Structure formats: structure tokens, C-alpha cells
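# predicted model and sequence follow; I will ask about them next.
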Amino acid sequence: MWKSILTALIAGIAVQQSAFAQGVSTADVNIVSVNGAVSARDFTCTVVINNQNDDDARRVRVIVLMPLQVRVLRARAAPGPGSPGVCAPGPLLGGFIEYATCDFLQLPQGPSVLRTITVTSTLSTAAPRYPYTCSAFIYSAVGDINKTNNYKTWP
């Protein structure tokens with residue numbers, strides 16, 4: 001009798017422990033592309049992002065770095081799946097604003113789910129000595145399974 005009670009007790013504990021096991025939530029937020037364009041009036045950096053893994057990413061932040069000695073005029077995320085992107089220029093430092101951030105509360109998964117960020121700045125006072133460049137970095141609060149695709153630069 002004690003043997004059957006002990007066996008039932010052990011089996012019950014094993015079943016109870018398996019009920020507490022949970023899957024791991026992972027994302028793969030990434031920079032799909034970064035492109036820059038110089039016009040007679042301004043410089044524009046366009047960044048395309050997505051999340052390729054099977055879980056939605058949460059609290060996503062994209063940092064877009066602009067050329068030397070510019071002032072970011074505007075930063076915006078185009079409408080798309082997930083939460084709206086809230087973009088803002090960085091702080092004024094030494095007379096220049098050389099980066100912008102965009103935050104998304106949720107970025108759905110799927111290779112075809114793309115979001116576009118556009119950051120426009122003044123022309124660089126350091127050009128042509130220092131060429132026009134832009135780059136972007138993305139991260140989220142959900143664990144990222146592939147960090148090698150979180151950064152891209154142009155050109």
C-alpha cells in the first residue's frame with residue numbers, strides 16, 4: 001500500500017512540474033536595409049526593419065545614426081503592422097543633432113512584415129571632407145536569436 005501511495009505521489013509531482021514548464025519567447029529583429037540620399041536641401045536616411053522569428057518582438061528600439069555635423073529635422077515611422085512607431089530626434093549636442101530613435105511597443109513576426117523609418121537632416125557642414133553615411137541599430141526586450149543582423153550601414 002505504501003508503495004502505491006509513494007508511486008502515485010511521485011507521478012503527481014512529475015505531472016505538476018511539467019505544467020510549470022514554459023516555452024522560450026524569442027524574436028529576430030533585424031535591419032533589412034539602410035539607404036541614404038543627398039539632395040540640394042537635405043540628407044535622408046531610410047531604414048527598413050522586420051522581425052523574422054516566430055514570436056512578436058516587444059519594446060523595440062531603432063537608433064538611426066546620421067552624418068557628422070547635421071541637425072535632424074524630422075524622423076518618422078511609416079504605418080504598418082504592430083504598434084505605431086514613435087520617433088524623435090536625439091538631443092542637441094554642440095549645435096548638432098546627429099541621431100534619432102524610433103520605438104515600437106510591438107513588432108509582429110514574419111519575413112514579409114516590413115516597417116520603414118525615414119530620418120531627414122540638414123546637409124552636413126563636414127562634407128565633403130567627411131562623406132555622407134548613415135547606419136541603424138535595432139534591439140528589443142525579447143531575446144534575439146541572431147544578433148548579427150541588428151546593424152547595417154550605408155554606403
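All right, it came through fine.

# wait, isn't T125 in contact with P67?
No: judged on C-beta atoms under 8 Å, T125 makes no contact with P67 at a distance of 9.7 Å. Where C-beta positions appear, they are placed from N, C-alpha and C, glycine not excepted.

# okay, these two: which has more neighbours?
Between T125 and P67, P67 has the larger neighbour count (other C-beta atoms under 10 Å), namely 23 against 14.

# may I see the buried residues of the strand or helix carrying R58?
Using DSSP states H and E, the element containing R58 is strand 57-65. Buried residues in strand 57-65, counted by 16 or more other C-beta atoms under 10 Å: 57-58, 60, 62-65.

# after that strand, heading C-terminal, what element do we hit next?
strand 72-77.

# report the central residue of this structure.
Geometric centre of the chain, nearest residue: I138, 3.2 Å, by C-alpha atoms, centre = their mean.

# angle of the longest strand along the chain against strand 57-65?
Taking DSSP state E as the criterion, the chain has its longest strand at strand 110-121. Relative orientation of strand 110-121 versus strand 57-65 (axes from the mean of the first three to the mean of the last three C-alpha atoms, to 10 degrees): 40 degrees.

# name the strands paired with strand 110-121 and say parallel or antiparallel.
According to DSSP bridges, strand 110-121 has the following sheet partners: strand 43-51 (antiparallel), strand 72-77 (antiparallel).

# contact partners of the last one?
Strand 72-77 has contacts (C-beta atoms under 8 Å, 6 or more residues apart in numbering) with 42, 64, 66, 84-90, 97-102, 104, 115-122.

# ok, now which ones touch V86?
Listed by C-beta under 8 Å, 6+ apart, the contact set of V86 reads 77, 102-104.

# circling back: so which elements touch the strand holding R58?
strand 29-38, strand 43-51, strand 99-107, strand 110-121, strand 134-139 (3 or more C-beta pairs under 8 Å, 6 or more residues apart in numbering; DSSP states H and E).

# what are the buried residues along the fourth one?
By that I understand strand 110-121. Neighbour counts over strand 110-121 (16+ other C-beta under 10 Å) mark 113, 115-121 as buried.

# from the contacts of V86, which would you call buried?
Among those, the ones that count as buried by 16+ other C-beta under 10 Å are 77, 102, 104.

# nearest to T153, of these?
C102 (17.1 Å; C-beta to C-beta).
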